Every structure is written in C-alpha cells, then in structure tokens.
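Engineer: sequence and computational prediction follow.
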Amino acid sequence: MRGVTADDEMDKKRASAEFEPGPVPPYRPVDRYGFIKSDQVNPPVEVSARCRPSSDQEREQRRVRKWRKMIGAGGADWKHYARRKPNVVTRRIRKGIPDCLRGLVWQLISGSRDLLLMHQGVYEQLVLYETSASELDIIRDISRTFPSHVYFQQRHGPGQRSLYNVLKAYSVYDREVGYVQGMGFLAGLLLLYMSEEDAFWLLVALLKGAVNAPMEGLYLVGLPLVQQYLFQFERLVKEQLPKLGAHFDQEMINPSMYASQWFITVFSYSFPFPLALRIWDVFLYEGVKIVFKVGLALLKYCQDDLVKLPFEKLVYALRNFPEDALNPDTLLPMAYSIKVTKGLEDLKLEYLRMNGPQSHSPKSGNEERQLSVSTQKHSSLRR
C-alpha cells in the first residue's frame with residue numbers, strides 16, 4: 001500500500017482548514033420535506049398537513065395509530081407482528097409508511113436496529129479514531145448530494161458534516177468498497193430520517209445484506225452488480241414489453257443509457273421525493289425487485305409515446321418522464337402487479353453462466369457471519 005507522503009498531509013491539512021461552516025444560506029420557501037421550492041410562476045399547490053381537509057387528517061391519524069399499535073413502543077412488537085401477519089405488513093408498507101414513523105420503521109424492516117444494538121460504540125470509533133483514503137473525495141462530492149435540501153445547503157454545515165461522517169465511517173468499515181459517489185444519495189436520504197449512527201448501520205445493513213440480498217456489488221470496482229441488473233432489466237423489457245424492446249433494439253438503446261442510476265441510488269437521485277420515499281418503503285422490506293418493477297411500470301405507462309420516438313428524443317424521454325407517470329398512486333399499483341421474481345432468478349443464473357462466478361459480486365455464505373467479522377475488525381480501534 002502506498003505510504004503517506006508530505007503532499008497527502010498538506011492536502012489533508014488544507015481540507016481540514018476548508019472544512020469550516022460557510023455562511024447560512026438566506027431563507028427560501030421549502031416544501032413539506034425540506035426541499036427549496038422552485039421559482040415557477042405558477043408552482044403546483046402543495047397542501048400542508050394543517051390545510052388538508054379534516055377527513056384526510058383523520059384518515060392519516062388512523063393510519064399512524066395502526067402503525068404505532070403494529071410496531072409497539074420503540075419497535076418492541078415489530079418482529080412478533082411481522083411473523084404473525086406478514087400479509088398485513090406487506091399491504092401497509094406498500095400503501096406508504098407514515099412520515100412521522102418512517103425513520104424508525106426503516107430501521108426495523110432493514111435489520112439495522114439489531115446491528116446497532118449488537119455493535120454499540122463502533123460507529124464512534126470509526127469516525128473519531130480512523131482515517132480513510134477517500135476523505136478528500138467525500139469532501140469534494142458532499143455539495144452534490146441533495147443540493148436543494150435545506151439540511152445540506154450550508155457549506156460544511158451540520159447536514160454536510162453528518163453526511164461526511166457517515167460516508168467516511170463506511171469507507172473505513174468496508175475498505176474493499178470504500179466510497180463511491182452514488183453512495184452519498186443513499187446516506188443523504190437516510191440522514192433526513194434518522195441520526196448519523198442509525199444511518200450508518202442502515203447503510204451497512206443494505207450493502208452487507210442483513211435482511212435482503214447484499215448491495216455492495218453496486219459499488220465495487222467495475223460495478224459488477226449494476227452490470228447484472230442491467231442485463232436482467234433489458235431481458236425483462238423484451239419479455240414483458242416486446243414492442244418497446246424491439247424499438248429499443250432498432251434505435252440501439254440499452255438500459256445503461258437511462259437505468260444505471262435507478263439501481264445505484266434506488267431512485268433517490270432525480271425522481272420526485274414523495275415517489276422515492278414510497279419506493280424506499282418497499283425496497284427496504286422486499287428488496288431490489290421493486291426497482292425492476294417500478295422501472296418496468298414506468299416504461300409500460302409511457303410505452304405508446306416511447307415507441308414513436310427516434311434515438312435522441314428517446315434518450316431524453318427516458319431521463320425525463322412526464323409528471324403524471326411519476327404519481328406514486330398511479331405508478332406503484334401498476335408496479336406491484338408486475339411479476340418478476342422467477343424471471344430475475346432465471347436471468348441471474350443465465351448471466352452467471354455467461355460471465356463466470358466472479359461476476360456475482362455479493363459474497364456467498366452466511367451474511368450475518370460476514371457482518372460480525374467486519375465489525376469485529378473494529379472492536380479495538382479506541383486508543
């Protein structure tokens with residue numbers, strides 16, 4: 001491994017000096033999620049909780065009461081309820097987790113709460129006592145993560161510092177993965193709903209596969225899992241939307257031109273935030289298949305328009321879907337109706353046969369053991 005040079009030390013000192021909070025940005029109106037509203041002449045009207053009809057408020061309050069009863073105080077009843085009534089849990093998650101409970105429920109359904117309880121103190125050690133080769137890259141990229149959200153707007157303010165800490169800690173925790181730019185959107189989304197330490201362990205749960213299949217292959221050198229997912233998605237398009245698939249072939253369109261970010265950031269990069277949240281609710285519980293389903297549903301919804309477009313306009317349309325196509329209440333029921341589980345398994349095996357076992361990036365074996373070994377490496381960091 002390359003030793004630390006004088007230039008490296010100077011770069012770190014310079015970065016440290018620059019890591020001082022900048023001026024607080026001037027106040028601008030924000031939506032209910034904290035994103036700055038665009039300066040449109042006639043912006044879409046967003047109804048706040050206080051302005052909603054009383055019937056809507058009462059319905060939301062009933063939903064919250066049902067969820068509180070389901071998960072119990074601090075999530076104590078979650079596992080018992082999920083075992084007894086899995087179909088009820090699935091149905092309620094697909095309808096959307098109440099925003100006031102989203103952070104806690106995400107930790108429960110991802111398995112990250114258990115990881116935190118098993119490894120208390122590890123996150124603090126990673127942040128305070130370890131250095132990362134990715135620190136300068138993380139600092140440079142931070143301002144690109146949700147730049148229109150008030151929490152991340154101030155240069156080196158509380159939001160950007162928290163994001164830096166989570167990404168730096170993960171790059172130390174798993175040096176094989178380290179840091180890749182797309183990880184910032186995952187960590188940034190999590191930080192809007194939970195503390196640094198909670199966000200870190202949820203990132204670990206996702207990438208290491210505490211509940212669902214590991215995601216770390218999305219960020220390893222060569223992005224091996226991205227390549228597999230794009231192969232699977234292209235084949236699913238041809239099988240389920242043959243007319244559109246044939247048009248894509250004719251115009252030489254492949255999923256890497258429009259779908260890579262769907263998988264790398266799980267739709268958190270450029271999709272409307274309310275839709276991204278609803279997708280994440282399901283993604284954390286059911287796994288990556290929801291990304292395939294939503295992608296197929298989007299193409300199906302827009303198919304009649306897409307098949308008429310030539311190459312240049314087609315690429316633009318696939319990166320800029322119309323507003324009505326991105327309505328969660330329209331798109332998600334369509335996505336839930338699409339069956340992909342068996343197709344994904346068959347296509348995965350076909351991909352591995354074509355590319356060899358080394359292309360299957362998620363490591364085989366007991367994932368819980370992998371998590372334990374990885375955290376044990378950091379059990380004696382305190383000096």
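Structural biologist: Yep, that arrived.

Engineer: from here on, just use CA atoms for contacts and neighbour counts.
Structural biologist: Fine.

Engineer: and His80, helix, strand or coil?
Structural biologist: helix (DSSP: H, G, I helix; E, B strand; the rest coil).

Engineer: ditto for Val291
Structural biologist: helix.

Engineer: need the contact list for it.
Structural biologist: 262-263, 266-267, 279, 283 (C-alpha atoms under 8 Å, 6 or more residues apart in numbering).

Engineer: among those, who's most crowded?
Structural biologist: Phe267 (24 neighbours; other C-alpha atoms under 10 Å).

Engineer: ok, the closest residue to that residue other than its chain neighbours to Pro25 distance?
Structural biologist: Using C-alpha to C-alpha, 6 or more residues apart in numbering and skipping residues adjacent in sequence, the residue nearest Phe267 is Ala276, 5.8 Å away. Using C-alpha to C-alpha, to the nearest Å, Ala276 is found at 26 Å from Pro25.

Engineer: which ones among the contacts of Val291 map onto helices?
Structural biologist: Taking DSSP state H as the definition of helices, the contacts of Val291 contribute 262-263, 279, 283.

Engineer: just send those residues back as TSV, with pLDDT and distance to Leu352 too.
Structural biologist: Formatted as TSV, those follow (pLDDT from 0 to 100; distance: C-alpha to C-alpha, whole Å):
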residue	pLDDT	distance to Leu352
Trp262	96	22
Phe263	96	19
Ile279	98	28
Phe283	97	24
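
Engineer: what's the closest of those to Gln228?
Structural biologist: Using C-alpha to C-alpha, Phe263 comes nearest to Gln228 of those, at 10.7 Å.

Engineer: surely the closest one is in contact with Gln227?
Structural biologist: No. Contact criterion C-alpha atoms under 8 Å: Phe263 and Gln227 do not qualify, at 10.2 Å.

Engineer: mutual contacts of the two, please.
Structural biologist: Common neighbours of Phe263 and Gln227 (C-alpha under 8 Å, 6+ apart) do not exist.

Engineer: wait, doesn't Pro147 sit right on Gln153?
Structural biologist: Yes. Counting by C-alpha under 8 Å, Gln153 is a contact partner of Pro147 at 5.8 Å.

Engineer: buried ones in stretch 321-336?
Structural biologist: 325-326, 328, 331-332, 334-335 (16 or more other C-alpha atoms under 10 Å).

Engineer: let me know the closest of those to Ile138.
Structural biologist: For the buried residues of stretch 321-336, the residue nearest Ile138 by C-alpha to C-alpha is Leu326; the value is 30.8 Å.

Engineer: show me what contacts the closest one?
Structural biologist: By C-alpha under 8 Å, 6+ apart, the neighbours of Leu326 are 271-272, 275, 298.

Engineer: in a markdown table, list the residues you listed along with secondary structure, neighbour count and distance to Leu128.
Structural biologist: Listed next are those as a markdown table, based on DSSP: H, G, I helix; E, B strand; the rest coil; neighbours: other C-alpha atoms under 10 Å; distance: C-alpha to C-alpha, whole Å:
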| residue | secondary structure | neighbour count | distance to Leu128 |
| --- | --- | --- | --- |
| Phe271 | coil | 16 | 34 |
| Pro272 | coil | 14 | 35 |
| Leu275 | helix | 18 | 36 |
| Leu298 | helix | 20 | 44 |
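
Engineer: determine which two of the residues you listed are furthest apart.
Structural biologist: Among these, Pro272 and Leu298 lie farthest apart (C-alpha to C-alpha), at 13.5 Å.

Engineer: touching, Glu251 and Lys308? I think so.
Structural biologist: No. If you go by C-alpha under 8 Å, Glu251 and Lys308 don't touch, sitting 10.8 Å apart.

Engineer: when those two are compared, which one has more neighbours?
Structural biologist: Higher neighbour count among Glu251 and Lys308: Glu251, with 16 against 12, using other C-alpha under 10 Å.

Engineer: got any ranges where the stretch 51-200 of the chain has weak pLDDT?
Structural biologist: Applying pLDDT under 70 to the stretch 51-200 of the chain flags the ranges 51-53.

Engineer: try it again at 80.
Structural biologist: In the predicted model of the stretch 51-200 of the chain, residues 51-55 satisfy pLDDT under 80.

Engineer: ok so, going back, higher neighbour count, Ala276 and Pro25?
Structural biologist: Applying other C-alpha under 10 Å to Ala276 and Pro25 shows that Ala276 carries more neighbours, namely 19 against 10.

Engineer: for Ile93, list the residues it contacts.
Structural biologist: Neighbouring residues of Ile93 by C-alpha under 8 Å, 6+ apart: 281-282.

Engineer: chain center to the helix or strand containing it, what's the gap?
Structural biologist: Using DSSP states H and E, Ile93 sits within helix 86-95. Here the centre of helix 86-95 is set off from its chain's centre by 20 Å, with C-alpha atoms, centre = their mean, to the nearest Å.

Engineer: what do you get for stretch 80-92?
Structural biologist: 23 Å.

Engineer: in three-state terms, label Lys308 for me.
Structural biologist: Assignment for Lys308 (three-state DSSP): coil.
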